[in-house]
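Asker: Pasting the sequence and the predicted coordinates here, then a few questions.
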Protein chains: 12
Amino acid sequence: MTKKILIINGPNLNMLGTRQPEIYGSATLEDIEERCEAVAESLGLEVVFHQSNSEGDIIDLIHEAKGKYDGLVINAAGYTHTSVAIFDALSILEIPVIEVHISNIYKREEFRHKSLISPAASGIICGFGVKGYELALKSFI
Amino acid sequence: MTKKILIINGPNLNMLGTRQPEIYGSATLEDIEERCEAVAESLGLEVVFHQSNSEGDIIDLIHEAKGKYDGLVINAAGYTHTSVAIFDALSILEIPVIEVHISNIYKREEFRHKSLISPAASGIICGFGVKGYELALKSFI
Amino acid sequence: MTKKILIINGPNLNMLGTRQPEIYGSATLEDIEERCEAVAESLGLEVVFHQSNSEGDIIDLIHEAKGKYDGLVINAAGYTHTSVAIFDALSILEIPVIEVHISNIYKREEFRHKSLISPAASGIICGFGVKGYELALKSFI
Amino acid sequence: MTKKILIINGPNLNMLGTRQPEIYGSATLEDIEERCEAVAESLGLEVVFHQSNSEGDIIDLIHEAKGKYDGLVINAAGYTHTSVAIFDALSILEIPVIEVHISNIYKREEFRHKSLISPAASGIICGFGVKGYELALKSFI
Amino acid sequence: MTKKILIINGPNLNMLGTRQPEIYGSATLEDIEERCEAVAESLGLEVVFHQSNSEGDIIDLIHEAKGKYDGLVINAAGYTHTSVAIFDALSILEIPVIEVHISNIYKREEFRHKSLISPAASGIICGFGVKGYELALKSFI
Amino acid sequence: MTKKILIINGPNLNMLGTRQPEIYGSATLEDIEERCEAVAESLGLEVVFHQSNSEGDIIDLIHEAKGKYDGLVINAAGYTHTSVAIFDALSILEIPVIEVHISNIYKREEFRHKSLISPAASGIICGFGVKGYELALKSFI
Amino acid sequence: MTKKILIINGPNLNMLGTRQPEIYGSATLEDIEERCEAVAESLGLEVVFHQSNSEGDIIDLIHEAKGKYDGLVINAAGYTHTSVAIFDALSILEIPVIEVHISNIYKREEFRHKSLISPAASGIICGFGVKGYELALKSFI
Amino acid sequence: MTKKILIINGPNLNMLGTRQPEIYGSATLEDIEERCEAVAESLGLEVVFHQSNSEGDIIDLIHEAKGKYDGLVINAAGYTHTSVAIFDALSILEIPVIEVHISNIYKREEFRHKSLISPAASGIICGFGVKGYELALKSFI
Amino acid sequence: MTKKILIINGPNLNMLGTRQPEIYGSATLEDIEERCEAVAESLGLEVVFHQSNSEGDIIDLIHEAKGKYDGLVINAAGYTHTSVAIFDALSILEIPVIEVHISNIYKREEFRHKSLISPAASGIICGFGVKGYELALKSFI
Amino acid sequence: MTKKILIINGPNLNMLGTRQPEIYGSATLEDIEERCEAVAESLGLEVVFHQSNSEGDIIDLIHEAKGKYDGLVINAAGYTHTSVAIFDALSILEIPVIEVHISNIYKREEFRHKSLISPAASGIICGFGVKGYELALKSFI
Amino acid sequence: MTKKILIINGPNLNMLGTRQPEIYGSATLEDIEERCEAVAESLGLEVVFHQSNSEGDIIDLIHEAKGKYDGLVINAAGYTHTSVAIFDALSILEIPVIEVHISNIYKREEFRHKSLISPAASGIICGFGVKGYELALKSFI
Amino acid sequence: MTKKILIINGPNLNMLGTRQPEIYGSATLEDIEERCEAVAESLGLEVVFHQSNSEGDIIDLIHEAKGKYDGLVINAAGYTHTSVAIFDALSILEIPVIEVHISNIYKREEFRHKSLISPAASGIICGFGVKGYELALKSFI
């Protein structure tokens, strides 16, 4: 049976391509979505792709994963470092959760070195640019 | 005259019953709401019960309490530890504010030991499970 | 069968009524004892009420609770923030332990924000004035 | 050509006038808006004025500034001290960003002394009461 | 009656124009003085302008403001981060004190993020380059 | 009328004379008591002198001072650095409290640099050897 | 001549056998006393064995060791981590002091990792269960 | 042309399979090596696989990669958290460096949360068990 | 022979009487000087009294004490908390150094709780108001 | 059957006897080895004794203990405070591990107060000089 | 052409020879000056030698170096650890700056371990006694 | 008699010339060795020059210096910041130890600001590039 994977993107990721391209690259979020869908298809996965700037909406999306998806990929962006509530939401899930960061957060500001959500993740992929999403999808095989 | 009490529940509490029952018990939020209404009735109180995963919505709800309610009971869940904005919203109120936590947050992860909102509360009730809401209501008598 | 509850009050609580009444109110410890007995009677509980300024005596009292009481209410006052030994004593008990603070310790000096004994408590009630003892008793029903 | 300035107000600022007037003064947010419009007109600026209690909405508003406004004035209120996501949103902008605080945050609680967003601001104006907005507008001339 | 404003500049500001122009710009202190005088005249203010590299001299200057000036503008430069004595001197004044920084100190080294004197200031203006002095003067109107 | 002064000595001070004489000198506690009595007499004061190794006893002694003494001199020794309960007891008193240390605690181990009780003292005298008690008595004139 | 060794046990050790046997084992304090006496006899030592829950009493006991015993074995239990006064008392002694802990305190809560009294000990034995007392006695040979 | 990838395993990884299998799984290092070779072959990569318990040897191995390999995969195990020297060695390389951890280090002891070498890595893969090595290899395509 | 005592007052003490009289009292520095001279005369001491706002001048004054005075009384005011250089200057002296603070610095802001110069003092007198100078002089007898 | 015990000595212990004899005594490592063999023989134990200055060699030695020895005694010397890798190696063993320190590390520099390996030890013996090795051997009986 | 080197000595160095000779040696500042001149001559350098106890004067001296000297040697003594203003002054210079300390500051009090000015120095020479000045001069060749 | 000086270079220094030349310059370790030999010859010193990436080997080398060399020059590179064992090895020596760093470590990452070995050095030379080795050799004259 086809595994369904939910991909959630957090705040400011809708600005990808225009935001500090030396850090984030020139791909837009739409590019990433297309790429994920192509990779997913090649791997026999089904992906649903979301972005929101709202912490509350992200929590709602995570709750929806419960019972409906076989895996979750999350790039919580700025909320990674400040949201206990998203950590709690992820902790409720019983499916694998992959935390993705486009840039290597350990090469950047000190406050980006601490992820509050990592202890709720199965795996973490960091610093591979947009390829990180692909690696996350491949990990489900 | 009947006192009106507003009860606000924060992020992930809509998942109660399915979330780590060894910590939070098996009661759902609906169970708690019913229980609160029954207790309120027996105490001659009127309760209005809300839940939201959004920090902004919770702030809106708190603002609405001003002038319309005689007391506020709040379980801010994950926002307890990260929200200066909710602390500020509670500080504006001139009615008693009771902070409730279902679990004993001091038996859990270090980051749950610090509540940003406690200094804006009149009283804090922590670790009594869902009975904590009842004790909060009883404190208004 | 009637539940027996031991209530232990720590250092300086014998001075209640004369000590900073703007923080602690004007009730004396005797007033609280009477109030607890009245409430206990109405709830069908039996209470025994102690106060001591000595950390060692408080530990002795806690040890006595083992096997003789069905619940413990403790306001450890100043020892709350400094006594590992009282934490250890409470940890030995297998009955519910309720930690009570008359004032909201989170509105006061930084050093009062950390309770060493909370992880050994079942529940914590803080900031309700002398009514906190009543709520503690009610929690046993 | 007329410069367009976006003014964003964060959580609880809709309660100005009723909130701790000894700190924030008695002007309401509407008063500030009117004052800003009058000052802007006298300076030959066009201002658009927003308030939201939602972190996500504030991020959306900031994104909208990109390419449409010549400057941004932001009083992020409580989110000032907790939001990496708003810092990230401001970092994407290429127009001047002025951070305004009505009160002198350095005379208040320790947790208000650290602004997460200041490194993304061009200039910071703090402690001038509602006049701070006017000074911010004047800085665009 | 004409308001008299004292402007005090701290250590190394006599080197402006030659010091890290990418941070401080190319204006010299004399340029700033002239600009302040022009702005003051246009605003109907009288300004007296000083610079010293000595902490003790700066304290003496602040003391002189008492009873003789209607406002104080101070850029304490390096002493901002290390001088309790200047904080104390400013605390004695009963006139408005505006703290000015040419650069945005929050974009620079960690040790520049903490101002010891801010709690003694009425208002703080930071990051506007030499225009910060003008905004400070305008705040007295 | 003759002022009555209570002098309380904390743990291990009964061993004075035998304990690290290079730090504490060779005077015994009895010597100090005699000296205090002689000085008190010459100053027209009445002194009562106590020593206890028990934190609880020291708290009891402090409580007794209330209403019966005109001043308190306390050398809390090791409890100086660990006892919130003694701080609380001293805070209840409305008479002057002088904190005395025989040695200069700032020349010794780091953990002796922080006194929990100083904020409850009117004055602190430290490092004068046994002469510190005399200075404390003289301060009541 | 027979060496005399004083063994002092601190708070809650009277509850051994009933307290968290997975950590402390099932031996009671009486069992340990008997065992120590047997071992002492076999080694030609004389032991005196005490337990107290009171910090003040423990200090008194330590003082009594001066001049009367040839060695001291102390398990200060919870006071290990909080008592400067016991550290001071031990520092006065001129005989070997052995600090014993039944459990390996470094496998337990963070607050048990710091012993205030270790710098006053000659040797420390930790984690050997009740056998630690025997090793301590053997160290005197 | 075939890319050559060097895989370096740090201390204790030679014990895989016997070491805490609930954390590290039951695969031995030989199993991982075989798996990597199989995957590499399928991807058209050439891999060389090393393990050493010596920090110095690991540095030597890293130096050898310079000019001879197209990529480096390193699981520095315990040295991850303590070795500035390995960080320096990795910083000299100009090929992509992938840091791999078998377990999710953020679910484990606090001291494992900080990697000294991450700022020298291109990408980090953590928590995927032995599959992490495969994902690392796939990232080179 | 008459002992000569040098009294040095640090920054802002020239403003005594006008500076926060609720903290420092209404006596001016001249009043204190007169008082000190009167007390010195009665004790058979000779005093020389200085005040400076300059750290360098204070160091010069301290150097002058060497070989010319029998004791030094210093109220370093704001430099108490920031000056390693004054600490070094005091360390060179071989005469008794008494550190005086008019207010109880432990009841005030956190940054006033740490004196850098105390380890170079023989004795410290704090919180006695202007009487502290008299006690310091008496300590030389 | 004879128990086999492996004794591992870490860096610089080969210099014993010449290194700071006031701290470590005058016995050489060879003396300790002989003493251990004598004691072992008397106890019916077999000991193998190693020293290495190399962290990697020490890890190799620990690995060899697996399945071949009944107990391990380790004095990791300087690596005690810095080696996560040795902690990991010890954690793999299923035999008792005794950590020995010749000096009382809590009387020495701050950085020696924290042992990274203690949580992997069964027991810790510290401060008994070379006798510590003997006590460690005796603990196996 | 002859290089001109400015040598600046900070607070208390005028007391060299009389100040803690076990740390600083018995040479006076005049001795050092003579020695520097002799060495400079032998190296073909010209030196100008200053000492001041005033932070402001030292900053003035540093400013004067701009454009007039080819190198600066500074022993900022106590200001090393507290002066951001001297760091700023040094940062303006475009000539090599050598920071010298007579004693090894890392063997002394903790507060001497942190130099605020080191990041503005080209090179640092520490612990060589008065020979450090000579090495600094030699570094200009 | 000719003084013999041992020069030890730590991890990654074998890569000098290829490693971040903007920080370390373009000289290789062989260049430095030749330069040191030339300088030594001119000074009448004999030098032996080593490099190792292994902490254990470096300790062995230091031990060999005992009794065979008259001075030690060490650039411990990355081990500077992490090795207690090297600090211990250096502490055993009774000859002068000069710590050298090529770059100014205080201009680099925070973790390079703390040297564990400095308290065991006689002198420290930092930031002079490869000339630092020469200055170290000159210090032996």
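Answerer: Now that the structure is in, tell me what you want to look at. Numbering: from 1, shown residues only, chains lettered A, B, ... in the order given.
Asker: tell me which parts of chain A are close to chain K?
Answerer: Within chain A, no position is adjacent to chain K by CB under 8 Å from any CB of the partner chain. In short, each C-beta sits where N, CA and C put it, glycine included.
Asker: same question for the lengthiest helix in chain A, mean pLDDT?
Answerer: Taking DSSP state H as the criterion, chain A has its longest helix at helix A:29-43. For helix A:29-43, mean pLDDT rounds to 96.
Asker: can you pull the buried residues of that helix?
Answerer: For helix A:29-43, the buried set under the neighbour-count rule, 16 or more other CB atoms under 10 Å in any protein chain shown, comprises A:29, A:32-33, A:35-37, A:39-40.
Asker: Can you lay out those as a markdown table showing distance to chain H?
Answerer: Below are the buried residues of helix A:29-43 laid out as a markdown table (distance: CB to the nearest CB, whole Å):
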| residue | distance to chain H |
| --- | --- |
| A:Leu29 | 20 |
| A:Ile32 | 16 |
| A:Glu33 | 20 |
| A:Arg35 | 14 |
| A:Cys36 | 15 |
| A:Glu37 | 19 |
| A:Val39 | 11 |
| A:Ala40 | 15 |
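Asker: before we move on, the earlier item: packing partners of the longest helix of chain A?
Answerer: Judged by 3 or more CB pairs under 8 Å, 6 or more residues apart in numbering or on different chains; DSSP states H and E, helix A:29-43 is in contact with strand A:3-9, strand A:45-51, helix A:131-138.
Asker: out of these, which comes closest to chain C?
Answerer: Evaluated over the helices and strands packed on helix A:29-43, closeness to chain C peaks at strand A:3-9, with 34.2 Å, by CB to the nearest CB.
Asker: wait, does the closest one contact chain D?
Answerer: No. Judged by CB under 8 Å from any CB, strand A:3-9 stays clear of chain D, getting no closer than 12.2 Å.
Asker: picking up where we left off before, can you give the distance of the longest helix of chain A from its chain's centre?
Answerer: Put simply, helix A:29-43 sits 13 Å off its chain's centre (CA atoms, centre = their mean, to the nearest Å).
Asker: Using PDB, write out every CA atom in it.
Answerer: C-alpha atoms of helix A:29-43 as PDB (Å, rounded to 0.1, in the frame of the first residue of the first chain):
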ATOM      1  CA  LEU A  29       8.900  26.600  -2.100                       C
ATOM      2  CA  GLU A  30       6.900  25.700  -5.200                       C
ATOM      3  CA  ASP A  31      10.100  24.300  -6.700                       C
ATOM      4  CA  ILE A  32      10.600  22.200  -3.600                       C
ATOM      5  CA  GLU A  33       7.000  21.000  -3.700                       C
ATOM      6  CA  GLU A  34       7.400  19.900  -7.300                       C
ATOM      7  CA  ARG A  35      10.600  18.200  -6.600                       C
ATOM      8  CA  CYS A  36       9.200  16.400  -3.600                       C
ATOM      9  CA  GLU A  37       6.200  15.200  -5.600                       C
ATOM     10  CA  ALA A  38       8.500  13.900  -8.400                       C
ATOM     11  CA  VAL A  39      10.800  12.100  -5.900                       C
ATOM     12  CA  ALA A  40       7.800  10.700  -4.000                       C
ATOM     13  CA  GLU A  41       6.300   9.300  -7.200                       C
ATOM     14  CA  SER A  42       9.600   7.700  -8.000                       C
ATOM     15  CA  LEU A  43       9.600   6.100  -4.600                       C
END
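Asker: what's the angle between that helix and strand A:45-51?
Answerer: Angle between the axes of helix A:29-43 and strand A:45-51 is 170 degrees (criterion: axes from the mean of the first three to the mean of the last three CA atoms, to 10 degrees).
Asker: contacting residues around helix A:29-43?
Answerer: Helix A:29-43 has contacts (CB atoms under 8 Å, 6 or more residues apart in numbering or on different chains) with A:5, A:7, A:9, A:13-14, A:16-17, A:27, A:46-47, A:49, A:51, A:130, A:133-134, A:137-138, A:140-141.
Asker: Next one: the closest residue to chain B within chain A from B:Pro11, what distance?
Answerer: Per CB to the nearest CB, A:Gly56 is where chain A lies closest to chain B, at 2.8 Å. Per CB to CB, to the nearest Å, A:Gly56 is found 7 Å from B:Pro11.
Asker: higher neighbour count, these two?
Answerer: Neighbour comparison, A:Gly56 and B:Pro11: the larger count goes to B:Pro11, with 28 against 22 (by other CB atoms under 10 Å in any protein chain shown).
Asker: Pretty sure that one sits against A:Ser83.
Answerer: No. B:Pro11 is beyond contact range of A:Ser83, at 9.0 Å (criterion: CB atoms under 8 Å).
Asker: what's the overlap in contacts for these two?
Answerer: A:55, B:78.
Asker: Could you tell me which residues of chain A lie near chain B?
Answerer: Listed as neighbours of chain B in chain A under the rule CB under 8 Å from any CB: A:54-57, A:59-60, A:63, A:66, A:82-89, A:91-92, A:116.
Asker: Which of these fall within helices?
Answerer: When the residues of chain A next to chain B are checked against helices (DSSP H), the matches are A:55-57, A:59-60, A:63, A:84-89, A:91-92.
Asker: Quick one: those as TSV, columns for distance to chain L and pLDDT too.
Answerer: Shown next, in TSV, are these (distance: CB to the nearest CB, whole Å; pLDDT from 0 to 100):
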residue	distance to chain L	pLDDT
A:Glu55	31	98
A:Gly56	36	98
A:Asp57	37	98
A:Ile59	35	98
A:Asp60	40	97
A:His63	40	97
A:Val84	27	97
A:Ala85	31	98
A:Ile86	29	98
A:Phe87	27	98
A:Asp88	32	97
A:Ala89	34	97
A:Ser91	32	96
A:Ile92	37	94
